[in-house]
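Student: this is a predicted model, with the sequence first.
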Amino acid sequence: MTEKTALTPKTHTTPPARFSHGVRKGNILQVAGQVGFLPAEPGKPPTPAGPTLREQTLQTLANVEAVLREGGAGWDDVMMIRVYLTDTDHFAEMNEIYDAYFDEQGLTQPPAARTTVYVGLPAGLLVEIDALAVLG
Amino acid sequence: MTEKTALTPKTHTTPPARFSHGVRKGNILQVAGQVGFLPAEPGKPPTPAGPTLREQTLQTLANVEAVLREGGAGWDDVMMIRVYLTDTDHFAEMNEIYDAYFDEQGLTQPPAARTTVYVGLPAGLLVEIDALAVLG
Amino acid sequence: MTEKTALTPKTHTTPPARFSHGVRKGNILQVAGQVGFLPAEPGKPPTPAGPTLREQTLQTLANVEAVLREGGAGWDDVMMIRVYLTDTDHFAEMNEIYDAYFDEQGLTQPPAARTTVYVGLPAGLLVEIDALAVLG
């Protein structure tokens, strides 16, 4: 039996329920929905990187990447990225931030597929992102 | 060629369209979006377990599990759980129900990753859940 | 290392950001969220097939299928279809269109699992669909 491994970056806040920030089993790696929380600080509740879409999107992408790294993967292994925004007016700005971020990653494989939809999120959060990767 | 198998628990209501409650192909198992419908009764339309978040969440999780079992899998094989709620005010209560449910499952592997977002659902439904599992 | 291949049907509009319309790696194929855009025409912005749910759903399904084909797959390989609608009142009509479409596809394997939720989409778009396939 192949083991399922929980991926828990040291700086991540504790999940608010019985789920893992990411899991890997064989060559499949799934990253849970990440938001723009800063690295956890003892005794402090989870705190977003800032109120803006830019701050939150960049922190969210960093949080997704940390889970990927924890599982021995990187952006090149990612097949699908799901972006949840709260406002259709944020689409153009998110794309700009997204493209600049991935320009800096030096990918050697084609970019992942993506779906973006507009949903409700907890108060103060503007973006949530999850990812599916296939390694190897 | 590996066969794709439809997973159709005997007690499940008939899907309202040409889709399967779950499919398995090789070691990949996908559970379709489940809601809190009670076991089907001949001549009766699909009926939610009750109006409350608790009743619907527990029935939904039972419905997801039935599809997993039909495919020879269980919660330990699940990589990703997607929870769709209709109201951000339901997050804390859903987490409480979710944690208590999984506490009782006696999992031997780390919990699945999860994404929770807030969407619209058909009238009367408060929660929908789907799941991706990797067996073996 | 298995290569990740971008799947870019010739007639598809250019993605609005650094993502692929689809990717395949080994036997896993992920189709990005497709909408009802007509085949791209030079110098013209992406244009929906029409204002109606029927026109957009059929074009969206054709766009998903084009990505599958580009990756050597077809509907029979699809494990999961995610349908994003904007209005719960569209569910019955979408199902009717969906069923008629798949009736014509001559599937030899069971239909994919599916989740349908109601979200916000950019102005003018009534439906978005993505898909996960497992080949072989």
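Tutor: Thanks, I have it. Numbers count the residues shown, from 1 in each chain, chains lettered A, B, ... in the order given.
Student: which bits of chain A sit near chain B?
Tutor: A:1-6, A:15-23, A:25-26, A:28, A:30-33, A:82, A:84, A:119-123, A:128, A:130, A:132 (C-beta under 8 Å from any C-beta of the partner chain). Placement of C-beta: from N, CA and C, glycine included.
Student: hang on, residue A:133 is in a strand, isn't it?
Tutor: Yes. Under DSSP: H, G, I helix; E, B strand; the rest coil, residue A:133 sits within a strand.
Student: among the residues of chain A next to chain B, name the buried ones.
Tutor: Among these, those classed as buried by 16 or more other C-beta atoms under 10 Å in any protein chain shown are A:4-6, A:15, A:17-23, A:25, A:28, A:30-33, A:82, A:84, A:119-121, A:128, A:130, A:132.
Student: next step: these restricted to strands.
Tutor: Members of those lying in strands (criterion: DSSP state E): A:4-6, A:22-23, A:25, A:28, A:30-33, A:82, A:84, A:128, A:130, A:132.
Student: closest one of those to chain C?
Tutor: Of all those, chain C sits closest to residue A:132, with 7.1 Å by C-beta to the nearest C-beta.
Student: quick check: bridge partners of that closest one?
Tutor: Counting by DSSP bridges, residue A:132 is bridged to residue A:30, residue A:80.
Student: list the contacts of it.
Tutor: A:28, A:29, A:30, A:31, A:78, A:79, A:80, B:80, C:30 (C-beta atoms under 8 Å, 6 or more residues apart in numbering or on different chains).
Student: which bits of chain A sit near chain C?
Tutor: So far as C-beta under 8 Å from any C-beta goes, chain A lies against chain C at A:27, A:76-77, A:79-81, A:87-88, A:91, A:95, A:98-99, A:102-103, A:109-119, A:132, A:134, A:136.
Student: so residue A:25 touches residue B:76, yeah?
Tutor: No. Using C-beta atoms under 8 Å as the test, residue A:25 is too far from residue B:76 to be in contact (10.0 Å).
Student: intersection of neighbour lists for the two?
Tutor: Common neighbours of residue A:25 and residue B:76 (C-beta under 8 Å, 6+ apart) are residue A:4.
Student: now chain A, which segments are flagged as low pLDDT?
Tutor: Along chain A, the model assigns pLDDT under 70 to no residue.
Student: ok, 80 please
Tutor: A:1 (pLDDT under 80).
Student: check the offset of the biggest helix by length in chain A from the chain's centre.
Tutor: Counting by DSSP state H, the longest helix found in chain A is helix A:53-70. Distance of helix A:53-70 from the chain centroid (C-alpha atoms, centre = their mean, to the nearest Å) equals 5 Å.
Student: tell me the helices and strands packed up against it.
Tutor: Using 3 or more C-beta pairs under 8 Å, 6 or more residues apart in numbering or on different chains; DSSP states H and E, the elements in contact with helix A:53-70 are strand A:22-25, strand A:28-34, helix A:91-103, strand A:127-134.
Student: the second one relative to helix A:53-70, how many degrees between them?
Tutor: Looking back up the chat, that one is strand A:28-34. If you take axes from the mean of the first three to the mean of the last three C-alpha atoms, to 10 degrees, strand A:28-34 sits at 150 degrees to helix A:53-70.
Student: how near is residue A:130 to residue B:53?
Tutor: 23 Å (C-beta to C-beta, to the nearest Å).
Student: residues making contact with the longest helix of chain A?
Tutor: Defining contact as C-beta under 8 Å, 6+ apart, one finds that helix A:53-70 is touched by A:7-9, A:11-12, A:21-22, A:29, A:31-32, A:34-38, A:48-50, A:74-75, A:77-78, A:81, A:90, A:93-94, A:97-98, A:101, A:125-131, A:133.
Student: any of those residues buried? List them.
Tutor: Among the contacts of helix A:53-70, those scoring as buried are A:7-9, A:12, A:21-22, A:29, A:31-32, A:34-38, A:48-49, A:74-75, A:77-78, A:81, A:90, A:94, A:97-98, A:101, A:125-131, A:133 (criterion: 16+ other C-beta under 10 Å).
Student: next one: residue A:70 from chain B, what distance?
Tutor: 12 Å (C-beta to the nearest C-beta, to the nearest Å).
Student: and that residue, how many neighbours?
Tutor: As a burial measure, residue A:70 scores 20 neighbours (other C-beta atoms under 10 Å in any protein chain shown).
Student: quick one on the thing from earlier: now the residues of chain A next to chain C: which count as buried?
Tutor: The buried subset of these - by 16+ other C-beta under 10 Å - is A:27, A:76-77, A:79-81, A:91, A:95, A:98, A:102, A:109-119, A:132, A:134.
Student: contacts for stretch A:90-106?
Tutor: Outside stretch A:90-106, the residues that touch it by C-beta under 8 Å, 6+ apart are A:53-54, A:57-58, A:61, A:75, A:83, A:85, A:111, A:116, A:126-127, C:16-18, C:122.
Student: mind running it again at 6 Å?
Tutor: By C-beta atoms under 6 Å, 6 or more residues apart in numbering or on different chains, the list of residues contacting stretch A:90-106 from outside reads A:53, A:54, A:57, A:61, A:75, C:16, C:17, C:18.
Student: how about exporting that stretch as PDB, limited to the C-alpha atoms?
Tutor: The C-alpha coordinates for stretch A:90-106 follow below in PDB (Å, rounded to 0.1, in the frame of the first residue of the first chain):
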ATOM      1  CA  HIS A  90     -10.500  41.600  -9.600                       C
ATOM      2  CA  PHE A  91      -9.900  39.300 -12.600                       C
ATOM      3  CA  ALA A  92      -7.600  41.600 -14.600                       C
ATOM      4  CA  GLU A  93      -5.500  42.600 -11.600                       C
ATOM      5  CA  MET A  94      -5.200  39.000 -10.400                       C
ATOM      6  CA  ASN A  95      -4.000  38.000 -13.800                       C
ATOM      7  CA  GLU A  96      -1.400  40.700 -13.800                       C
ATOM      8  CA  ILE A  97      -0.100  39.600 -10.400                       C
ATOM      9  CA  TYR A  98      -0.400  35.900 -11.400                       C
ATOM     10  CA  ASP A  99       1.600  36.400 -14.600                       C
ATOM     11  CA  ALA A 100       4.300  38.400 -13.000                       C
ATOM     12  CA  TYR A 101       4.600  35.800 -10.200                       C
ATOM     13  CA  PHE A 102       5.000  32.900 -12.700                       C
ATOM     14  CA  ASP A 103       7.400  34.900 -14.900                       C
ATOM     15  CA  GLU A 104       9.700  34.900 -11.900                       C
ATOM     16  CA  GLN A 105       9.400  31.200 -11.200                       C
ATOM     17  CA  GLY A 106      11.500  30.100 -14.200                       C
END
